[in-house]
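K.L.:
pasting the structure only:
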């Protein structure tokens, strides 16, 4: 099959585009059950005639691969968010596979599409004969590994910013095509990383306007953060607030510019290089282990101090009163304070006192 260029066609109604989510959206996974008559053996067709797929072979819903590519760009996809599908460029390869992440007990049926810089994951709604958006993974930083598991035609994709997933192809021919094309595109994506069309950090930093903050949040969830540690950023929850601050601590001496990002349970620090082309992980603190104390809001010094059992005092300087107030609001939430209070039960009336009443 030749490459199909998504940007060369016009969609009738594609919404506003789609986020490069590094995470399969929960609740949209179609699990096989006994009533559907699917088993591990039925994942791989045994008939050699089925394996000999040609350009005219029906892949899904009686449509060929080329017809499905046209469907992607001409019909709205449920759950479509963020960047427009036409910006993905040409389709290198696509097919119906079974996918499982390590947090899932069963495999789910997905239609996976490889473009020059991303891997698009769609679940299949067989009732409506439609696709549902599940995630868009950047190829930069991705790794591919052939597995030696009991299920044949399976490979694993992983990376510092994405959750590991097993992809099970329907036959050896499809497996070989995926391994060949995906390995090549991962290599190309990492080679040409500096000229990535999604590298718009310089336009978003400093994030001094609301639209810049929103776009920077999307960027962080969809692109590689250098030297990242721990679980993927998508697993930290919804971003509560984001801003650029000056940070000073005992080990740093002079203050340094940092991106401060508040999640429901964590405070994240990132740095941006001087050319505004890359973002690097600098540390993460649990909110239940730190306290934020106001320092001085006089003479334009919008500062507060972070202290805690696991960190030395950190002085944060905000650039605007709004950033100062929002950061303190999220770091000093009433429910967070109440969590540390020990509520005393009401006094018990002595038995003797009750007898005299």
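P.N.:
Looks like it came in fine. Everything numeric here is computed off the predicted structure, so don't read it as measured data. Numbers count the residues shown, from 1 in each chain.
K.L.:
in the stretch 251-357 of the chain, which spans are strands?
P.N.:
Using DSSP state E, counting those that start in this stretch, the strands of the stretch 251-357 of the chain run over 256-262, 266-272, 279-286, 290-296, 303-308, 311-317.
K.L.:
quick one: which of these is nearest residue 140?
P.N.:
strand 279-286 (12.6 Å; CB to CB). Using the backbone N, CA and C atoms, a C-beta is placed for each residue, glycine as well.
K.L.:
Tell me the buried residues in that closest one?
P.N.:
Buried residues in strand 279-286, counted by 16 or more other CB atoms under 10 Å: 279, 281, 284-285.
K.L.:
Helices along this protein, start to end?
P.N.:
Using DSSP state H, the helices of the chain run over 40-43, 48-51, 65-74, 172-191, 201-204, 210-222, 321-331, 334-339, 351-356.
K.L.:
Is it possible to get a markdown table of those that adds distance to residue 142 and mean neighbour count?
P.N.:
Listed next are those as a markdown table, based on distance: least, CB to CB, whole Å; neighbours: other CB atoms under 10 Å:
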| stretch | distance to residue 142 | mean neighbour count |
| --- | --- | --- |
| helix 40-43 | 24 | 13 |
| helix 48-51 | 27 | 10 |
| helix 65-74 | 21 | 18 |
| helix 172-191 | 5 | 16 |
| helix 201-204 | 20 | 15 |
| helix 210-222 | 13 | 17 |
| helix 321-331 | 33 | 17 |
| helix 334-339 | 37 | 9 |
| helix 351-356 | 71 | 7 |
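K.L.:
Dump those helices into JSON lines; add distance to residue 114 and mean pLDDT as well.
P.N.:
Shown next, in JSON lines, are the helices of the chain (distance: least, CB to CB, whole Å; pLDDT from 0 to 100):
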{"stretch": "helix 40-43", "distance to residue 114": "20", "mean pLDDT": "36"}
{"stretch": "helix 48-51", "distance to residue 114": "20", "mean pLDDT": "37"}
{"stretch": "helix 65-74", "distance to residue 114": "11", "mean pLDDT": "86"}
{"stretch": "helix 172-191", "distance to residue 114": "6", "mean pLDDT": "92"}
{"stretch": "helix 201-204", "distance to residue 114": "25", "mean pLDDT": "80"}
{"stretch": "helix 210-222", "distance to residue 114": "17", "mean pLDDT": "84"}
{"stretch": "helix 321-331", "distance to residue 114": "39", "mean pLDDT": "91"}
{"stretch": "helix 334-339", "distance to residue 114": "44", "mean pLDDT": "45"}
{"stretch": "helix 351-356", "distance to residue 114": "77", "mean pLDDT": "52"}
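K.L.:
can you tell which of the strands of the stretch 251-357 of the chain is closest to residue 61?
P.N.:
strand 279-286 (40.8 Å).
K.L.:
now for the closest one, which elements pack on it?
P.N.:
If contacts are counted by 3 or more CB pairs under 8 Å, 6 or more residues apart in numbering; DSSP states H and E, strand 279-286 sits against strand 266-272.
K.L.:
The strand it packs on pairs with which strands, parallel or anti?
P.N.:
Next to strand 266-272 in the sheet, as set by DSSP bridges, lie strand 256-262 (antiparallel), strand 279-286 (antiparallel).
K.L.:
Just want the angle from it to strand 303-308.
P.N.:
Orientation of strand 266-272 against strand 303-308 (axes from the mean of the first three to the mean of the last three CA atoms, to 10 degrees) gives an angle of 120 degrees.
K.L.:
returning to what we had before: right, so of the strands paired with strand 266-272, which gets closest to residue 171?
P.N.:
strand 279-286 (40.2 Å).
K.L.:
what sits up against that closest one?
P.N.:
Strand 279-286 has contacts (CB atoms under 8 Å, 6 or more residues apart in numbering) with 201, 220, 223, 225-230, 258-259, 265-273, 306, 308, 310-311.
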